[in-house]
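Student: Fold the following for me, if possible:
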Amino acid sequence: MNETNGNENYIDYNELSEEKKKALYEEFLASYAEEKRLSRIFRFAPLAFAAVIMILAVASLVVYFAAGIGVTFIVVLAATLAALLVFVIFKIRLDKIRLAHSARYAAWLRDVKHVIAELR
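Tutor: A predicted model of the protein is given here:
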């Protein structure tokens, strides 16, 4: 459905094909280097945290079977729990940044490409 705002036609974002949506997003990232960097952070930071948590969890299991419950096991287990806590805090902050990123993308779509997009 096209909406008329003043004398310009606006296209509904939901009516676009997936290929067109991806192309628009890639064009947005190419236009702004900071947004491209944020896009990489959205993709790789959670993976890095997950890898660290998995390594610490495996290390705690190895220490438990090798040395039993001792100071080393407690330290590794505490580090695993601390990494989980930091991940939760980071994820909350990352979601706020992602929302701002989505708002800038929606504004770019509206102003540059004349597409109506709703934030989800």
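
Student: and the gap between K36 and L29?
Tutor: Here the criterion is CB to CB, to the nearest Å. By it, K36 lies 4 Å from L29. Any C-beta I mention is one placed from the backbone N, CA and C, and that applies to glycine too.

Student: What of M54?
Tutor: Taken as CB to CB, the span from M54 to L29 is 29 Å.

Student: Tell me which of the two has more neighbours.
Tutor: L29 (17 against 12; other CB atoms under 10 Å).

Student: what helix or strand does the more buried one sit in?
Tutor: Per DSSP states H and E: L29 is located in helix 18-31.

Student: Tell me which residues of the helix or strand that that helix is followed by come out buried.
Tutor: Moving toward the C-terminus from helix 18-31, the next helix or strand (DSSP H and E) is helix 33-67. Neighbour-count burial for helix 33-67 flags E35, L38, S39, F49, V52, I53, L56, A57, A59, S60, V63 (criterion: 16 or more other CB atoms under 10 Å).
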